[in-house]
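*Asks:* task: produce atomic coordinates for the following.
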Amino acid sequence: MSRLFIILLIITAFFSCKKDENAPVITSISMDYSPLEIGKFIEYDVIEITIDKQIELNDTVTYILKEFIESKYTDDEGNTNYRIERYKRPTINDNWEVLNIWYVSVSENSIFKNEDNFRFKKLIFPIKIGNTWNGNSENTLNYQEYKITNTDVAETIENISYSNVLTVLQQNNENLIEKQYSTEKYAKTIGLIYKEIINISELEPIAELPWQQRINIGYIYKQTAR
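*Replies:* Numbering: from 1, shown residues only. This is a model prediction of the structure:
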């Protein structure tokens, strides 16, 4: 074997190792928290509360939401995209009505969700406690730090027990006159099981009372898997 051939083998092995080190970290374990399969669906109980004391508005709306993975396609960048058809009905005795269409896309190291024309970076790979990223990096909204606060935690939500739950804290700002909080929870092999948004733009500045009793203007949204 010639010296030149041996040198070429060493160079080839070196660059192969470098390529592997930089390979996308997207594994079946990562995708377990957001399994995507045509025909899969999840139903949720949803509560929306809108409050505006100035106009004496205190409105609570409840309904059942269904997210159905209808189809998939590959975009120009080679990423896989899934079409999510969303339906709602007031009760289980009512017919489903089309609510809107959202999209989920999977890149080399992230999962994105297009919600009403806003593209959010929902998860990054590898899944690791403490990982942070800008959830609004793909839209025109302000910087918003998302953070993985736990993984593989046993949790019971609305009397349903899950053995492996991932929590992403999306926002947690609070002071005496306002409160913004949002989080999403994912269960392995299931996907999104809980979503909560609290956006209170005006609170009565009475420190001794809990924020729920001080809302002047605000919106609360809870979405829980059935």
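*Asks:* can you give me the strands for the chain?
*Replies:* Secondary structure of the chain, counting by DSSP state E: strands at 41-52, 57-74, 80-89, 97-106, 110-115, 118-124, 132-134, 145-157, 160-174, 179-187, 191-203, 215-225.
*Asks:* the closest residue to residue 187 other than its chain neighbours and residue 190, how far apart?
*Replies:* The shortest distance from residue 187 to any non-neighbouring residue, by CB to CB, 6 or more residues apart in numbering, is to residue 162 (4.3 Å). No exception for glycine: its C-beta is placed from N, CA and C like everyone else's. Distance of residue 162 to residue 190, computed by CB to CB, to the nearest Å: 7 Å.
*Asks:* over to residue 183?
*Replies:* Counting by CB to CB, the gap from residue 183 to residue 190 is 17 Å.
*Asks:* hmm, back to that, turn the strands of the chain into JSON lines, columns for mean pLDDT.
*Replies:* JSON lines is the format used below for those (pLDDT from 0 to 100):
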{"stretch": "strand 41-52", "mean pLDDT": "98"}
{"stretch": "strand 57-74", "mean pLDDT": "97"}
{"stretch": "strand 80-89", "mean pLDDT": "97"}
{"stretch": "strand 97-106", "mean pLDDT": "97"}
{"stretch": "strand 110-115", "mean pLDDT": "96"}
{"stretch": "strand 118-124", "mean pLDDT": "97"}
{"stretch": "strand 132-134", "mean pLDDT": "98"}
{"stretch": "strand 145-157", "mean pLDDT": "97"}
{"stretch": "strand 160-174", "mean pLDDT": "97"}
{"stretch": "strand 179-187", "mean pLDDT": "98"}
{"stretch": "strand 191-203", "mean pLDDT": "98"}
{"stretch": "strand 215-225", "mean pLDDT": "98"}
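*Asks:* mean neighbour count and distance to residue 32 for those - can I get that in TSV?
*Replies:* Putting those into TSV (neighbours: other CB atoms under 10 Å; distance: least, CB to CB, whole Å) gives the following:
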stretch	mean neighbour count	distance to residue 32
strand 41-52	15	15
strand 57-74	14	16
strand 80-89	17	16
strand 97-106	15	13
strand 110-115	19	12
strand 118-124	19	11
strand 132-134	15	19
strand 145-157	15	10
strand 160-174	16	8
strand 179-187	20	9
strand 191-203	19	9
strand 215-225	18	16
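*Asks:* Throw these into JSON lines and include distance to residue 35, thanks.
*Replies:* Formatted as JSON lines, these follow (distance: least, CB to CB, whole Å):
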{"stretch": "strand 41-52", "distance to residue 35": "10"}
{"stretch": "strand 57-74", "distance to residue 35": "9"}
{"stretch": "strand 80-89", "distance to residue 35": "11"}
{"stretch": "strand 97-106", "distance to residue 35": "11"}
{"stretch": "strand 110-115", "distance to residue 35": "11"}
{"stretch": "strand 118-124", "distance to residue 35": "12"}
{"stretch": "strand 132-134", "distance to residue 35": "21"}
{"stretch": "strand 145-157", "distance to residue 35": "16"}
{"stretch": "strand 160-174", "distance to residue 35": "12"}
{"stretch": "strand 179-187", "distance to residue 35": "10"}
{"stretch": "strand 191-203", "distance to residue 35": "6"}
{"stretch": "strand 215-225", "distance to residue 35": "13"}
